[in-house]
Structures are given as C-alpha cells and as structure tokens.
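Participant: Sharing a sequence plus its predicted fold:
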Amino acid sequence: MTFRPGDRVRVRSAEKPGHVRTPGYLKGKPGWVESVIGEYPNPEELAYGFSGFPERPLYKVGFRQKDLWEDYDGPADDCLYADVYEHWLESGETT
C-alpha cells in the first residue's frame, strides 16, 4: 500500500472512458486518507468481465466540503468521506 492514514492525497483528474468507481466531483480535489479499507479486485475491470486482478488497495478518503463545492457556506469542519481506489490517488504533498 502506498498511503497510510493521515497522508495528504489528491484524486487524479484523469478522464477515463467507461465505468469508473470514482465520482467526477472528486477529481482533482485534495483530501486525506482516513483509513485503509483493504485490497479488492478492481471494479473498473470487473464491470467489463475481466478478473479485476491484481487486487487494488481501497482507502476511505476525507474531503473538506469547502474544497469540493465553490459556493459551500456551511461549517468549515464539514467533511465528506468516499472510498477511493489507490490508482485514482496521488500524493497531496507535491501538489
């Protein structure tokens, strides 16, 4: 696994045709790894009848609401959590 709880990450902003498990509104957004969920077959490959192997690490990633929505005017500590596979994440330390 590349990331550990507390690591700053950013969701890759790459476009990929077909089935993707990562919501579009998270692409390019900064967050942090809340926890490591485990390793699972890649659902983007399973959707097309492939094996999904090798398994990919899956993380629970936290995002500040104000980082996701330009016009968000709620409390600064409001967060959204999403399950994101490792191949959609990059280090937030260098971005």
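Facilitator: Arrived safely, thanks for sending. Fair warning: this is a prediction, and the values are worked out from it, not measured in the lab.
Participant: what does stretch 72-91 contact?
Facilitator: Where contact means C-beta atoms under 8 Å, 6 or more residues apart in numbering, the residues beyond stretch 72-91 that reach it are 1-3, 7-12, 21-23, 26, 34, 37, 42-43, 56-66, 68. The way it works is simple: take the backbone N, C-alpha and C, and place the C-beta from them, glycine included.
Participant: what comes up buried for that stretch?
Facilitator: Buried residues in stretch 72-91, counted by 16 or more other C-beta atoms under 10 Å: 80, 82, 84-86, 88-90.
Participant: now, which of those sits nearest residue 51?
Facilitator: Taking C-beta to C-beta as the measure, residue 51 sits nearest to residue 85 out of the buried residues of stretch 72-91, at 15.4 Å.
Participant: Show the buried residues in the contacts of stretch 72-91.
Facilitator: Applying 16+ other C-beta under 10 Å to the contacts of stretch 72-91 flags 3, 7, 9-12, 21-22, 26, 34, 42, 56-59, 61, 63-64, 66, 68 as buried.
Participant: Narrow the residues you listed to those in strands?
Facilitator: Of the buried ones among the contacts of stretch 72-91, the ones assigned to strands by DSSP state E are 9-11, 34, 56-59, 61, 63-64.
Participant: which residues of this structure fall in helices?
Facilitator: 43-46, 65-68 (DSSP state H).
Participant: And for the last one, what's in contact with it?
Facilitator: Which is helix 65-68. 25-26, 29-31, 72, 74, 76, 78-80.
Participant: Name the nearest of those relative to residue 51.
Facilitator: residue 26 (26.0 Å).
Participant: That closest one reaches residue 63, doesn't it?
Facilitator: Yes: between residue 26 and residue 63 a contact is recorded at 6.9 Å, counting by C-beta atoms under 8 Å.
Participant: circling back to that earlier point, could you identify the least confident member of the contacts of helix 65-68?
Facilitator: Note: of the contacts of helix 65-68, the lowest pLDDT belongs to residue 76, at 90.
Participant: Can you find the helix or strand in the protein with the smallest mean pLDDT?
Facilitator: helix 43-46 (a mean of 91; mean pLDDT, DSSP states H and E).
Participant: quick one: low-confidence ranges for the protein?
Facilitator: 94-95 (pLDDT under 70).
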